[in-house]
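Q: using only what follows, build the 3D model:
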Amino acid sequence: NGSARLNEQYLSAILDNTNLPIYLKDADYKYILVNSEYERLAQVTNEEICGKDDFAIFPQPVAQLFRDQDEEVVRERCLKEFEVTIPLPDGIHTFLTAKFPLIDDQDRIYAVGGVCTDITNIQNTNKQLQESQKRYRSFIDSFHGIAFRGEIKTFKPVYFHGAVEEITGYQEEDFVSGDLTWDKLVHPDDLPILLEQGKSMLEIPDYTFRREYRIICKGGQTVWIFERGRTLCDENDQPVWIEGTIFDISARKEVEQELRDSEEKYRKLFSNKIDAINIFDAETRQILDVNDTFLKRYGYTRDEALQLKIEDVSAEPEKTRAIIKKSIEEGDVLIPLRFHKKKDGTVMPVQISAGPFTWKGRNVMFAIMRDITSLVNAEKSLKESEERYRTLVETASLGIQISDRDGKVILSNSAHLALLGLEDGQ
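A: The predicted structure follows:
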């Protein structure tokens with residue numbers, strides 16, 4: 001009896017000091033005992049639960065699940081493991097439960113026992129890991145660059161993920177296997193710069209860098225690369241690894257070159273010495289830029305010019321505002337004659353080409369003004385000369401007639417008409 005009581009004390013000590021919920025049910029699936037961890041989780045005492053089945057303790061769906069499991073254990077007469085997720089007073093828990101039958105000497109099952117392992121935290125961790133892996137995979141699948149880590153000295157990567165084939169034409173395995181190293185792709189003209197930086201990486205702990213250079217892809221085409229990264233040190237604080245990202249910036253480089261070409265063309269056009277050119281805001285009409293010819297012709301300094309609105313240089317401001325509105329609505333316009341005024345008040349005739357466009361993200365207009373003073377003066381002189389000639393012919397006492405090659409009369413003065421006895425118009 002003393003030995004039995006000692007064994008019972010040992011068993012009680014084990015049951016009450018384990019962090020695993022443990023229980024025992026009789027052949028009718030009524031509780032015989034539960035340990036303290038079971039009591040804590042279910043918030044029920046051993047005295048309250050003994051003699052009751054699961055339907056008296058848990059919600060019906062949970063109780064029915066436990067009953068089905070118990071019956072399966074009895075039916076198959078062996079240990080079975082079940083994973084269940086159930087609501088408890090302190091929240092949802094997931095358990096891995098090992099249930100087993102207790103069989104007497106007559107081979108009858110007289111009880112069902114269970115040992116539960118709370119795997120809620122493990123499940124949550126696994127779920128978070130799966131979600132993290134899913135996000136990582138989603139990121140990699142949509143990542144338009146290459147993420148890498150490799151040895152500084154050899155250029156050999158330990159991982160090389162992302163748009164490897166899209167950028168280089170090669171497979172990830174070509175680099176990770178060591179059959180191909182990144183320096184073999186670098187354009188010969190750019191490789192010395194990278195090798196020089198490699199020396200700094202080996203000498204300076206936690207070295208960070210950003211660089212642009214070219215590579216030659218598998219198909220032979222040249223691709224511009226933007227790379228940024230940092231070095232990682234070993235336990236002796238010696239730089240050993242390099243990690244970072246690589247992006248194809250060829251499209252950006254093309255745009256930059258096109259922009260430079262465009263700006264060069266713009267600057268050449270803008271710097272021409274024949275026409276005065278200005279750019280002004282389409283809405284406010286504030287002058288934003290002028291060329292040197294504008295300054296020379298209108299008599300302003302650059303600072304003064306940039307304080308003006310476009311109608312400030314017009315001798316016909318209402319017409320100027322009207323044509324701006326028309327150009328914004330219809331596009332480029334050509335104005336054969338308009339009168340502008342200089343800083344000193346002098347009025348000059350100009351021919352204007354103008355139109356709207358986008359400049360530095362703003363809706364603006366350009367205006368190219370050509371001084372046509374000499375042309376207007378020449379036309380005026382010609383008109384005055386013609387008037388003098390017509391007056392001389394008309395007042396002459398001699399009859400004068402001018403005909404073309406076909407004999408058609410072009411001009412006949414009054415004296416000539418009188419000699420012929422004709423009237424003007426006949």
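Q: quick one: the helices in this structure, in order.
A: 2-17, 36-42, 46-49, 60-76, 120-142, 164-168, 172-176, 191-203, 250-270, 292-298, 302-305, 317-330, 373-395, 414-420 (DSSP state H).
Q: out of those, which is closest to residue 224?
A: Closest of those to residue 224 is helix 250-270, at 4.5 Å (criterion: CB to CB). For every residue, glycine as well, the C-beta is placed using N, CA and C.
Q: which other helices and strands does the closest one contact?
A: Here helix 250-270 touches strand 222-233, going by 3 or more CB pairs under 8 Å, 6 or more residues apart in numbering; DSSP states H and E.
Q: on that earlier part again, JSON lines for the helices of the chain, including mean neighbour count and distance to residue 222?
A: Compiled in JSON lines, these are given as follows (neighbours: other CB atoms under 10 Å; distance: least, CB to CB, whole Å):
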{"stretch": "helix 2-17", "mean neighbour count": "10", "distance to residue 222": "72"}
{"stretch": "helix 36-42", "mean neighbour count": "18", "distance to residue 222": "66"}
{"stretch": "helix 46-49", "mean neighbour count": "15", "distance to residue 222": "77"}
{"stretch": "helix 60-76", "mean neighbour count": "15", "distance to residue 222": "66"}
{"stretch": "helix 120-142", "mean neighbour count": "11", "distance to residue 222": "26"}
{"stretch": "helix 164-168", "mean neighbour count": "18", "distance to residue 222": "12"}
{"stretch": "helix 172-176", "mean neighbour count": "18", "distance to residue 222": "19"}
{"stretch": "helix 191-203", "mean neighbour count": "13", "distance to residue 222": "13"}
{"stretch": "helix 250-270", "mean neighbour count": "12", "distance to residue 222": "8"}
{"stretch": "helix 292-298", "mean neighbour count": "18", "distance to residue 222": "39"}
{"stretch": "helix 302-305", "mean neighbour count": "13", "distance to residue 222": "42"}
{"stretch": "helix 317-330", "mean neighbour count": "14", "distance to residue 222": "43"}
{"stretch": "helix 373-395", "mean neighbour count": "11", "distance to residue 222": "52"}
{"stretch": "helix 414-420", "mean neighbour count": "14", "distance to residue 222": "83"}
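Q: show the contacting residues for the residue most central in space within the chain.
A: With distances taken as CA atoms, centre = their mean, residue 144 lies nearest the centre of the chain, 10.9 Å away. For residue 144, the contact set (CB atoms under 8 Å, 6 or more residues apart in numbering) comprises 162, 163, 166, 247, 248.
Q: could you list the low-pLDDT ranges of the stretch 201-350 of the chain?
A: For the stretch 201-350 of the chain, applying pLDDT under 70 flags the ranges 265.
Q: what's the ChimeraX syntax to select whichever of the contacts of residue 144 are buried?
A: This is how ChimeraX selects the buried members of the contacts of residue 144, with burial counted by 16 or more other CB atoms under 10 Å:
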select :162,163,247,248
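Q: which ones among the contacts of residue 144 map onto strands?
A: 162, 247, 248 (DSSP state E).
Q: and the residues you listed as CSV, adding distance to residue 377?
A: CSV is the format used below for the ones in strands among the contacts of residue 144 (distance: CB to CB, whole Å):
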residue, distance to residue 377
162, 71
247, 62
248, 61
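Q: of these, which is the nearest to residue 203?
A: Nearest member of the ones in strands among the contacts of residue 144 to residue 203, counting by CB to CB, is residue 247, at 26.7 Å.
Q: export the helices of the chain to a markdown table and tack on distance to residue 236?
A: Formatted as a markdown table, the helices of the chain follow (distance: least, CB to CB, whole Å):
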| stretch | distance to residue 236 |
| --- | --- |
| helix 2-17 | 46 |
| helix 36-42 | 48 |
| helix 46-49 | 59 |
| helix 60-76 | 57 |
| helix 120-142 | 31 |
| helix 164-168 | 32 |
| helix 172-176 | 26 |
| helix 191-203 | 13 |
| helix 250-270 | 40 |
| helix 292-298 | 63 |
| helix 302-305 | 61 |
| helix 317-330 | 69 |
| helix 373-395 | 82 |
| helix 414-420 | 118 |
